[in-house]
Structure formats: structure tokens, C-alpha cells
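Novice: give me a model of this one.
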Amino acid sequence: MATTERDQAPVITRAQRDDRTRQITRVTLVGALVDLILGVLKVVVGWLAQSQALIADGVHSFSDLATDAVVIYAARHSSREADAEHPYGHGRFETMATVGLGIALMAVAAGISIDAVIRLFNPDKLLHPSFWALVVAGVSILGKEAIYHYSMTIARQYKSHMLKANAWHSRSDAISSLIVLLGVAGSMAGLEYLDAIAAIGVAYMIAKIGWSLSAHSVKELVDTALEPERQEAIRKAILSVDGVAALHILRSRRSGAEALVDVHIQVDPYLSVSEAHYVSERVRKKVISDVEEVNDVTVHIDPENDERVPLNLNLPGRSDLLGRLEKAWSGIEESRWIAHTTLHYLDGGIQVELILPIDLVLERDPNQREALRQRFARAAREVEGVQSVRLLYR
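Specialist: Numbering: from 1, shown residues only. You can find the predicted model right below:
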């Protein structure tokens, strides 16, 4: 029996989603304004002060403007609730945007590296930076580091991997500006090639961060499981629920800021359907409550470990089986009084429970009751798959 609880109230409310979108949009717009100002400043001053590294750093800042736009677009779309076309929500808009951010970083790094290498092999093309390049590089370091901390604070608060990616994009600009600062200072000291080498250093930092961000998000897109420690937390939460005997299949994956879990739990095989459903609902709520990022859990109920004892699907279904049993029991007079038949598909076979009126056995001793059960059991042996017969009275 499987239960998928999607008709309950969402763990993250509409108001919370809207607030998350507003905060991500706000911090990204602030970062975009800083990127615009710094980009213009670095390119203009880099050109006037003859610093290739600073010009490259300015291009890096302008690339941030494009990625800021992607972040805002993705944040607005990923906050939408699940619908018919996206039953698991829109969280992977963030994931796709993060992949795009990483690719953009690597593309910028490649362009900067190619230009710097060309200049290194053509000394006459090397630039000779001036003091103002140092000043602007210093301003860029302070500005981008401030944006990094601001963005990372909001990203952690709202668990946005996309915003974390953009924060690291800002820090890569701060780090690249630091390298520019060192390169410009070295060139001013007479080592003219250091400005071009600094540009290559900037490119390396950008490419490394871009690769890391893209690789992480691609893992999410191919449904990589949560980290081992998060899986263990989920496992402990499930096993702490009363009624759960064991679990043997646990699958997890991320979707943006949220995580989805599928689990097979084993319960007492003789529980009623309603009690088993109750246990599954307890499991769902427990995992969502205890594991912060989990927002959806699908619980599959098993009466036994179906990895060790797979269900024999060749056994007859209920209607077919009851027809065969009625035919087998046609010679037993008491079979006319069967009130209900319960079937347990366990251990590769079928266990049958019959409910009979208690009046049938009030005047019978235990031996007579056992004799009646044996009559039903012997007759049932003619029916494929039946392992045992049990009589209950009420």
C-alpha cells in the first residue's frame, strides 16, 4: 500500500514563498547596482590607467549584471507552488539558473585568460598601470566583499543555493580585485608582466568557482541523494515513529531549496489499513518536522521486507481467490455463515482469516473448534497459494 500525501497544507506557505522571493530580489538588485557602478569605474579607470587586469575585472563585474538578471528571473519562477505541469514545484528553476551562473563564470575566465596570454607573448602589448588602478581595485575589494556577506546572509536564511552561487560570484570579483591590486603594484614597481599574470590569476579563480557551482547543481539535476549525514537524520526520524518496525528503501533528492524523500517502511503485517495509513502519516510529518530542508515525503507501507521476500504477483487476486474458496468450501455447511474474509499476502503465499458468528461455536469445545478449522484448511489446500486458514468469531 502506498500513500502520497500531497493534499495537505504546504509546509512553506504562500506568504513565506513571497517573502523569500522579495528578499532574494532585493539583495540581487543591490548587488546589480554595485556591479554596474564598479564595472563602469574599473573599465574606464583601467583604460585610462593602462591596467589590463583592471579592465578584465571590469568585464567580470559587467558579467555579474547578466547573472543578477538570471537570479531575479529564477527566484520569481521557483517560488511558484506546484501545479499540474510541475507537480514537484518549481525549485529547479533555481538549479538551472545556478548551472547558468557557473557556465557564465567559466566563459568569462576563458576570455580573460586568452587575452592575457596573448599579451604575455607580445611584450609590446603589455600595459603600464598607474596609481589610480590601485585605488579602484581597493574600492572594488571592499564593495564586492560587502555584497558577498549581505547576499550570503540572505541565502543562508532562505536556503537558496542560487543566491549562494551569486554571492560567491561577488566574492570571486573581490578576490580577482585583490589579485589585480597585487598585479598593478608589481607592474608599477617595474615588473610589467605581473599585470597580465594577475589577469590570468583572476581568470583561474573565476573558472574554479564556476566549475564548483555548475558541478553541484548538475548533481541535483540528476537526482543525487542528500548528504550521508542528512540521510542518517531522516533515517533516525523515521525509526523513532511508533509502529515502524524497519525501513529498507530510502531515496532522497533536492529541488532548489527543498528536498524530496521516498521511503519504504515495514509495519506489523496484521495492522488494519487505516492504522498503517496513520503510521505513514506520522512518518511523513516527523521527517518534515525534524529535517529542515525536507518538504515532501512519499511513504510506501510494506508488511514485510519486499527486498528479501518479493511479492508473488502470480497469486490470484481477491475476487478470483474468493470464488475458488467458495467452491472448495461448498461442502462445509458453516461456510454459509462467513461474515468477512481477510487475506494476508505474506511470505510468498496467502493466509486466510474467516470471521464467523460466535453462535456457531458457543456450544462447541476447543477440539470441535479446531476440527472445524481443519476442515476449512483441508478444503483450501485445493486453492493455489493458500498457506493457512484461521477462524475468528464475533
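Novice: now the strands for the chain?
Specialist: For the chain, the strands defined by DSSP state E cover 2-4, 246-255, 258-266, 294-302, 340-346, 349-356, 386-393.
Novice: any chance of those strands in a markdown table with mean neighbour count as columns?
Specialist: C-beta here means a position set from N, CA and C on the backbone, and glycine is covered the same way. A markdown table is the format used below for those (neighbours: other CB atoms under 10 Å):
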| stretch | mean neighbour count |
| --- | --- |
| strand 2-4 | 13 |
| strand 246-255 | 18 |
| strand 258-266 | 21 |
| strand 294-302 | 21 |
| strand 340-346 | 15 |
| strand 349-356 | 19 |
| strand 386-393 | 17 |
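Novice: now tabulate these in TSV and tack on mean pLDDT and distance to Phe121.
Specialist: Formatted as TSV, these follow (pLDDT from 0 to 100; distance: least, CB to CB, whole Å):
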stretch	mean pLDDT	distance to Phe121
strand 2-4	44	62
strand 246-255	84	45
strand 258-266	87	50
strand 294-302	87	54
strand 340-346	92	76
strand 349-356	93	79
strand 386-393	92	82
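Novice: wait, which of those strands is closest to Ser280?
Specialist: strand 294-302 (4.0 Å; CB to CB).
Novice: please name every helix or strand in contact with the closest one.
Specialist: strand 2-4, strand 246-255, strand 258-266, helix 273-290 (3 or more CB pairs under 8 Å, 6 or more residues apart in numbering; DSSP states H and E).
Novice: neighbouring strands of it in the sheet, and parallel or not?
Specialist: strand 2-4 (antiparallel), strand 258-266 (parallel) (DSSP bridges).
Novice: redo those as JSON lines? Include distance to Leu105.
Specialist: Converted to JSON lines, the strands paired with strand 294-302 look like this (distance: least, CB to CB, whole Å):
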{"stretch": "strand 2-4", "distance to Leu105": "39"}
{"stretch": "strand 258-266", "distance to Leu105": "25"}
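Novice: among those strands, which comes closest to Leu250?
Specialist: Taking the strands paired with strand 294-302 one by one with CB to CB, strand 258-266 is closest: 5.1 Å.
Novice: taking strand 246-255 as reference, get the angle to that closest one.
Specialist: On the basis of axes from the mean of the first three to the mean of the last three CA atoms, to 10 degrees, strand 258-266 is oriented at 170 degrees to strand 246-255.
Novice: which residues does strand 258-266 contact?
Specialist: Contact partners of strand 258-266, identified using CB atoms under 8 Å, 6 or more residues apart in numbering, comprise 12, 88-89, 91, 226, 230, 234, 238, 244-254, 279-280, 283, 287, 291, 293-306.
Novice: the inter-axis angle of it versus helix 273-290?
Specialist: 140 degrees.
Novice: how far does strand 258-266 sit from its chain's centre?
Specialist: 11 Å (CA atoms, centre = their mean, to the nearest Å).
Novice: just the CA coordinates of it, formatted as CSV?
Specialist: What follows is strand 258-266 as a C-alpha-only set of coordinates in CSV (Å, rounded to 0.1, in the frame of the first residue of the first chain):
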residue,chain,number,x,y,z
GLU,A,258,13.8,21.9,-0.7
ALA,A,259,14.4,18.2,-0.5
LEU,A,260,12.1,15.3,-1.5
VAL,A,261,12.1,11.9,0.2
ASP,A,262,10.7,8.5,-0.8
VAL,A,263,10.8,5.7,1.8
HIS,A,264,9.6,2.1,2.3
ILE,A,265,8.7,1.3,5.9
GLN,A,266,7.9,-2.0,7.4
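Novice: where's Gly317 relative to Ala379, distance?
Specialist: 20 Å (CB to CB, to the nearest Å).
Novice: when those two are compared, which one has more neighbours?
Specialist: Higher neighbour count among Gly317 and Ala379: Ala379, with 19 against 10, using other CB atoms under 10 Å.
Novice: the more buried one: what's it in contact with?
Specialist: Ala379 neighbours (CB under 8 Å, 6+ apart): Ala328, Trp329, Gly331, Ile332.
Novice: can you check Ala174 too?
Specialist: Ser140, Ile141, Lys144, Glu145, Tyr148 are the contacts of Ala174 under CB under 8 Å, 6+ apart.
Novice: which member of those residues is positioned nearest Arg26?
Specialist: So of those, ranked by how close each gets to Arg26 (CB to CB), first place is Tyr148, at 15.8 Å.
Novice: how near is the closest one to Ile238?
Specialist: 38 Å.
Novice: same question, Trp168
Specialist: 34 Å.
Novice: can you pull the contacts of the residue lying closest to Ser61 once chain neighbours are set aside?
Specialist: Nearest in space to Ser61, with sequence neighbours left out and distances taken as CB to CB, 6 or more residues apart in numbering, is Gly39 at 3.5 Å. Counting by CB under 8 Å, 6+ apart, Gly39 touches Gly58, Val59, Ser61, Phe62, Asp64, Leu65.
Novice: one more: Asn305?
Specialist: Ala246, His248, Gln266.
Novice: where along the stretch 1-150 of the chain do the helices fall?
Specialist: Here the stretch 1-150 of the chain has its helices, by DSSP state H, counting those that start in this stretch, at 14-48, 52-78, 92-120, 131-158.
Novice: select, out of these, the one closest to Asp365.
Specialist: helix 14-48 (67.1 Å).
Novice: mind checking which of the contacts of Gly39 are buried?
Specialist: Among these, those classed as buried by 16 or more other CB atoms under 10 Å are Gly58, Val59, Ser61, Phe62, Asp64.
Novice: out of those residues, who's nearest Val389?
Specialist: Of the buried ones among the contacts of Gly39, the one sitting nearest to Val389 (CB to CB) turns out to be Asp64, at 74.3 Å.
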